[in-house]
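Student: 3D model of this:
(2 chains)
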2 protein chains.
Amino acid sequence: MRSEARSGCPINAAVEVLGDPWAMLVLRDVMFGNRRYFRELLLGSEEGIASNILSSRLKQLTAAGLLTRQDANRGQRAMYSLTEAGIQVLPIMVALGNWGLVHRNGSRRLRVRAELLRDGGPELVAAMMDELREVHLGSPRPDPSAPRPSERLQAAYERTMSVDAAP
Amino acid sequence: MRSEARSGCPINAAVEVLGDPWAMLVLRDVMFGNRRYFRELLLGSEEGIASNILSSRLKQLTAAGLLTRQDANRGQRAMYSLTEAGIQVLPIMVALGNWGLVHRNGSRRLRVRAELLRDGGPELVAAMMDELREVHLGSPRPDPSAPRPSERLQAAYERTMSVDAAP
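Tutor: Model prediction:
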């Protein structure tokens, strides 16, 4: 990581950390796939991330304050968690997904969640950030009786895929 | 540019083009600074972009369909314009700026516009996209009597800076 920003522009400050395709994909998998361990991130990557690239991006994201690493006891694996700054990358992720939905093709299976997030609007994004705070930071749920956004996304995903699969 | 996407995920599709700090900064300068020529982009860069990097990013962004290059007559310079896909990067730019405003320091002068864009909300972002369509694609203004967003931003910027400079 550079210690000195190249300029005082907030967009530049953001892209110095987030303007890397692999860093964004690692964050995506932590956020949407709840992959918290090196091995999960390595084996679950749709894009086939290489082990040395994953390792360097996890170090960079931790140094930049977007992830924390819980050091493990002997024989246990280290676990990664999003920080508040990491959680607040979600609106950028949604904006990137919106752009990709319109301007690039993709597989139906991988497009469904991005479509749901787009259609859910700012309310769903805010609720998802609350859920990430619960899972990664241990914050209490604002409304314990409301269904979790991840459950809503999963249910809608299964509904869409089963309709697609129907004869 | 890769011809084959690494996966069918829309976030991946977006970061394959936009997950590069210099590509985003070039787009930022075309969008917010209305820099349309190689020399303007090179000399106006706050971050001191190198000539070979600027050249490669302009080629990549053109190949990816975010910019078009109007070929010039002999002795004239080539001019770059945003495409509709390039204009629709604005919400990603705003989301990046919002993140940078909260999680990184920056200079007052370079933060003011990002703050105004954040506070203007989706309505201002949509109006700015209309203005970019007018300037880059030659589309008619939806409401010719309304002040242009760039004028609103510039006026607010000057107001803020003169208040800051007041004794």
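
Student: can you map out the helices along chain A?
Tutor: For chain A, applying DSSP state H gives helices covering A:10-18, A:21-33, A:38-44, A:51-63, A:84-87, A:90-103, A:108-132, A:149-165.

Student: Dump these to JSON lines, plus distance to chain B, mean neighbour count and mean pLDDT.
Tutor: All C-beta atoms are positioned from the backbone trio N, CA, C, and that covers glycine. Shown next, in JSON lines, are the helices of chain A (distance: least, C-beta to the nearest C-beta, whole Å; neighbours: other C-beta atoms under 10 Å in any protein chain shown; pLDDT from 0 to 100):
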{"stretch": "helix A:10-18", "distance to chain B": "3", "mean neighbour count": "26", "mean pLDDT": "95"}
{"stretch": "helix A:21-33", "distance to chain B": "3", "mean neighbour count": "21", "mean pLDDT": "96"}
{"stretch": "helix A:38-44", "distance to chain B": "12", "mean neighbour count": "15", "mean pLDDT": "95"}
{"stretch": "helix A:51-63", "distance to chain B": "12", "mean neighbour count": "16", "mean pLDDT": "97"}
{"stretch": "helix A:84-87", "distance to chain B": "5", "mean neighbour count": "20", "mean pLDDT": "98"}
{"stretch": "helix A:90-103", "distance to chain B": "3", "mean neighbour count": "22", "mean pLDDT": "96"}
{"stretch": "helix A:108-132", "distance to chain B": "4", "mean neighbour count": "17", "mean pLDDT": "91"}
{"stretch": "helix A:149-165", "distance to chain B": "14", "mean neighbour count": "13", "mean pLDDT": "82"}
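
Student: I'd like those helices as CSV, with distance to B:Met31 appended.
Tutor: Output for the helices of chain A, formatted as CSV (distance: least, C-beta to C-beta, whole Å):
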stretch, distance to B:Met31
helix A:10-18, 10
helix A:21-33, 20
helix A:38-44, 34
helix A:51-63, 27
helix A:84-87, 25
helix A:90-103, 14
helix A:108-132, 22
helix A:149-165, 32
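
Student: looking at these, which is closest to B:Arg109?
Tutor: Distance to B:Arg109, taken as C-beta to C-beta, is lowest for helix A:10-18 among the helices of chain A, at 11.6 Å.

Student: would you put the C-alpha positions of that closest one in PDB?
Tutor: Only the C-alpha atoms of helix A:10-18 are listed here, as PDB (Å, rounded to 0.1, in the frame of the first residue of the first chain):
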ATOM      1  CA  PRO A  10     -12.000  11.400  -2.700                       C
ATOM      2  CA  ILE A  11     -12.500   9.400  -5.900                       C
ATOM      3  CA  ASN A  12      -8.800   9.000  -6.200                       C
ATOM      4  CA  ALA A  13      -8.600   8.000  -2.500                       C
ATOM      5  CA  ALA A  14     -11.300   5.300  -3.100                       C
ATOM      6  CA  VAL A  15      -9.700   3.900  -6.300                       C
ATOM      7  CA  GLU A  16      -6.300   3.700  -4.700                       C
ATOM      8  CA  VAL A  17      -7.800   0.900  -2.500                       C
ATOM      9  CA  LEU A  18     -10.700  -0.300  -4.600                       C
END
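
Student: Now do it: everything it contacts.
Tutor: A:2, A:5-6, A:23-24, A:27, A:60-61, A:64, A:66, A:89, A:92, B:21, B:24-25, B:28, B:46-47, B:93, B:96-101, B:103-106, B:110-111, B:114 (C-beta atoms under 8 Å, 6 or more residues apart in numbering or on different chains).

Student: hang on, the earlier thing: B:Thr160: which of the helices of chain A is closest?
Tutor: Of those, nearest to B:Thr160 by C-beta to C-beta is helix A:10-18, at 14.8 Å.

Student: Hmm, A:Met24 is touching A:Met93, no?
Tutor: Yes - judged on C-beta atoms under 8 Å, A:Met24 makes contact with A:Met93 at a distance of 7.3 Å.

Student: Show me chain A divided up by domain.
Tutor: A:1-83, A:89-167 (automatic domain parsing).

Student: Which of these sits closest to B:Pro140?
Tutor: domain A:89-167 (22.4 Å).

Student: Distance from the chain centre to the closest one, please.
Tutor: Centroid separation for domain A:89-167 versus its chain: 11 Å, with C-alpha atoms, centre = their mean, to the nearest Å.

Student: try stretch A:48-56
Tutor: Stretch A:48-56 sits 17 Å away from the centroid of its parent chain (C-alpha atoms, centre = their mean).

Student: Surely A:Leu124 and A:Leu117 touch.
Tutor: Yes - here A:Leu124 reaches A:Leu117: they are 6.4 Å apart, a contact under C-beta under 8 Å.

Student: will you turn the domains of chain A into CSV that also has distance to B:Val163?
Tutor: Shown next, in CSV, are the domains of chain A (distance: least, C-beta to C-beta, whole Å):
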stretch, distance to B:Val163
domain A:1-83, 19
domain A:89-167, 29
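
Student: who wins for proximity to B:Glu158 among those?
Tutor: Checking those against B:Glu158 by C-beta to C-beta gives domain A:1-83 as the closest, at 18.2 Å.
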